[in-house]
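> need a structure here:
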Amino acid sequence: MTSTTRIPRRNVLKGVGMAAAASLVPGAFRPLYAASVAPITIVINQSPWFESFRKTVEVYEAETGNKVELDVNPFAGSLEKQRNSVRASAGQYDILIMNSGWFAEMYAGGFVEAITDIDPGFQLDPEVYTLGDTIYYDAADKTMTKAGKLMSMPVSPLIPMLYYRGDLYEEAGLSAPKTFAELEANAKKFHNPPGMYGIVQRGARGPHTVAYDFYPYLYGFGGGIFKDQSTGDYSVTLNSDQGREALDYYVRLAKEAGHPKTAASDQAEVIQAMVTGHTAHIMMVIAAWSQMDDPNKSAIVDKVEWAPTPSVEGFPTSPGLGHWLAGISKNVPDDRKRAAVEFLRWFQTKAAQLETAKAGGIPVHAAVYKEPIADERRYRWMKPLAEALPHAVNIYQFPEASEVISVLELGLNRAVAGEITTVDALNGMSDEIEKIMAGHAYKTGKLDPLK
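The predicted structure follows:
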C-alpha cells in the first residue's frame, strides 16, 4: 500500500489572518484571482522541493480563500495513482504533478486537458521557462512545440548542476570547471581517499537513477540517444563515438577520482558524501541545494558553490531535464478544471514564484533570478542555474520513455560496475532501444556497432 500524506481541504492555516492583512499592504500579495472556486486536489510526489511547493500552496489559500488538498506519495506511488485516476470514469485528482519521465504518456494518452481549452483567455507569462517547450503538445504531429496547445505549467525546473567545494577551490587557486577536462583534472587533484574523493557519482540502478546522472555527460560530449526526436526520427545514436567518449569518461572518473562503490551509489549516498565533507564535487539535481547549508544535515555549511555542468570544447552545458509539470486531468468536473486553472494562473506569477524561492524551491519565472534575492549568499545557486536552464535538454518526447530508461539503467549500471565493457554496454543498449522503438512503430534505425 502506498503511503499517503494529506493536507485537509479545511485545514486552518497558521498565519492566515496575518497573510490576509498583508494583502492590503502595497507591494504585498493581492487576491487578484477568483476567490470563490471549487476545492481542488493535487497528486504530488514527496521530494526535496515538496516543502517549498506546500508552502506556496498555503500562500495561495491564504490570499484567495480557495482550498487545495495535497495527496503526497513516493515517486512511484504518485505515478501509479495518476495512471489509475486518469483511466477511471471519474478522476480523483484535478492537477497531476508529472515528472519528465512520464508527462509524454499523459499528453499522448489524452489524459490531460489543454489549459487554453478550459480557459481560452489564459495567457502564459512570457517569462515562465517553457523547459524545452515541454509544456506544449501537438497531438496531430505528436511533437512538443509552441505550435501545439498549452498542456501544463512548469512546477519545478529541475536540472543537474555541478556542486563543488568553493573553499577548496579558493585554497587551490582554481576556478569552476567549464570543460570535462578541467573537471577531471580538478577531481584528481582533490582525490585523497578514503577521507576525500575527487567526485562522487551516481551509478546505482533505479527507476531513473544512473541514466539521469549520465545525461549531462552524454549530451555534453555531443552525443545523444536519438537522431532527432523533434522531427520524429528515433534512429538510435547512443553508441556513437561521442557516446563512447562520454561513457568512457564517466567510468574513468569513477575509477580514478571517484568512490569505490559508485555502482551502488544512489542519490542519498551522493548527497551524503558531499554534506559530510568527503567529496570535492558532485553532479546533482539542483533540488538538493538547501541541504548543503542546513546545519542539521551539513558539515560544510557555506562551503559549496554551484556551476553549470561541464561540457567539451565546442558544446554548451547540456543538463537533462528532470523537471515537474502540472497538468489538469481531463476526467474531472468542469468546475474543478476551472479552479485548477485559477491556481495555475496564480502560481505562474513572479510574486508567487518569489515566494517559492523564499521557501527553498526552484522558481519557474525568469524574472525571479534577477531579483535582489539572487545576490544573497543563501541563494548563490540561482545565477548559475539561470545560466544553465536555457541549455537544458528534453531527453524524451514519447510516452514509452520508461521502457528506454529501464534499458539504460541496467546497461549503465553494469558498465560502471565493470561487469561489461563500455563498448558492449553501448552496443547492447542501442540494440534493445532500437527494438523498443520499432515495436512501437516509430521511425528508427541504429548505427553500426562500436568495435
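> contact partners of stretch 257-266?
The contact list for stretch 257-266, computed with CB atoms under 8 Å, 6 or more residues apart in numbering, reads 184, 187-188, 191, 193, 197-204, 206, 209, 254, 269, 273, 279, 413, 416-418. All C-beta atoms are positioned from the backbone trio N, CA, C, and that covers glycine.
> ugh, wrong one, stretch 131-150
Contact with stretch 131-150 is made by 100, 103-104, 107-108, 110, 114-117, 122, 124, 130, 151-154, 157, 230, 232, 321, 323, 325, 389, 392-394, 397-398, as judged by CB under 8 Å, 6+ apart.
> out of those, which end up buried?
Neighbour counting with 16 or more other CB atoms under 10 Å marks 100, 103-104, 107-108, 114-115, 122, 124, 130, 151-154, 157, 232, 321, 323, 325, 389, 392-394, 397-398 as buried within those.
> just the terminal-to-terminal distance for stretch 82-95.
This stretch, stretch 82-95, spans 10 Å end to end (CA to CA, to the nearest Å).
> check which helix or strand covers Pro154.
Assigned by DSSP states H and E, Pro154 falls within strand 152-156.
> now stretch 96-108: average pLDDT?
Mean pLDDT, computed over stretch 96-108, is 92.
> mind checking the pLDDT average for the helix or strand following the strand holding Pro154?
On the C-terminal side of strand 152-156, the closest following helix or strand by DSSP H and E is strand 160-165. What strand 160-165 shows for mean pLDDT is 98.
> tell me what strand 160-165 is packed against?
helix 180-190, helix 210-220, strand 281-285, strand 304-307, helix 382-388 (3 or more CB pairs under 8 Å, 6 or more residues apart in numbering; DSSP states H and E).
> restrict that strand to CA atoms and write it as PDB.
What follows is strand 160-165, C-alpha atoms only, in PDB (Å, rounded to 0.1, in the frame of the first residue of the first chain):
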ATOM      1  CA  PRO A 160      21.600  18.800 -12.500                       C
ATOM      2  CA  MET A 161      24.200  21.300 -11.600                       C
ATOM      3  CA  LEU A 162      27.900  20.900 -10.600                       C
ATOM      4  CA  TYR A 163      28.200  21.200  -6.800                       C
ATOM      5  CA  TYR A 164      31.800  21.900  -5.800                       C
ATOM      6  CA  ARG A 165      33.700  22.900  -2.700                       C
END
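> okay, the angle between that strand and helix 210-220?
Per axes from the mean of the first three to the mean of the last three CA atoms, to 10 degrees, the angle that strand 160-165 makes with helix 210-220 is 90 degrees.
> which residues touch strand 160-165?
Here strand 160-165 has contacts from 176-177, 183, 186, 190, 212-213, 215-216, 274, 280-286, 288, 292, 300, 303-310, 319-320, 322, 381, 384-385, 388, using CB under 8 Å, 6+ apart.
> in the protein, which ranges drop under the pLDDT threshold?
1-35 (pLDDT under 70).
> before we move on, the earlier item: and the contacts of stretch 131-150, which of them are in helices?
In this view, the contacts of stretch 131-150 that belong to helices under DSSP state H are 103-104, 107-108, 115-117.
> what's the closest of the residues you listed to Glu58?
Ile115 (23.0 Å; CB to CB).
> pretty sure that closest one sits against Ile95.
No - at 10.8 Å, Ile115 does not count as touching Ile95 under the criterion of CB atoms under 8 Å.
> can you list residues touching both of those two?
328, 344.
> now for the helices and strands packed on strand 160-165, which one comes closest to Lys446?
helix 210-220 (16.2 Å).
> helices and strands around the helix or strand that comes right after the closest one, which ones?
Next helix or strand after helix 210-220 toward the C-terminus (DSSP H and E): strand 226-228. Packing partners of strand 226-228 (3+ CB pairs under 8 Å, 6+ apart): strand 233-236.
> I'd like the next helix or strand past the strand it packs on.
helix 241-257.
> and the next helix or strand after that following helix with strand 160-165, angle?
Using DSSP H and E, the helix or strand that follows helix 241-257 in sequence is helix 267-275. On the basis of the same axes, to 10 degrees, helix 267-275 is oriented at 30 degrees to strand 160-165.
> which elements pack onto helix 267-275?
strand 281-285, helix 289-292.
> at 10 Å instead, please
In terms of contacts (3 or more CB pairs under 10 Å, 6 or more residues apart in numbering; DSSP states H and E), helix 267-275 is packed against strand 160-165, helix 210-220, strand 281-285, helix 289-292.
> next, the buried residues of it.
267, 269-271, 273-275.
> Phe315: helix or strand, and which one exactly?
Residue-wise, Phe315 maps onto no helix or strand under DSSP H and E.
> can you tell me how far the nearest residue to it once chain neighbours are set aside sits from Thr237?
Of all residues not flanking Phe315 in the chain, Gly222 sits nearest, at 5.0 Å (CB to CB, 6 or more residues apart in numbering). For Gly222, the distance to Thr237 (CB to CB, to the nearest Å) stands at 10 Å.
> and if you look at Leu96?
32 Å.
> okay, these two: which has more neighbours?
Between Leu96 and Thr237, Leu96 has the larger neighbour count (other CB atoms under 10 Å), namely 28 against 19.
> ok, the more buried one touching Gly109?
No - in this structure Leu96 lies outside contact range of Gly109 using CB atoms under 10 Å: 11.6 Å.
> give me the common contacts of these two.
Common neighbours of Leu96 and Gly109, counting by CB atoms under 10 Å, 6 or more residues apart in numbering, are 83, 86.
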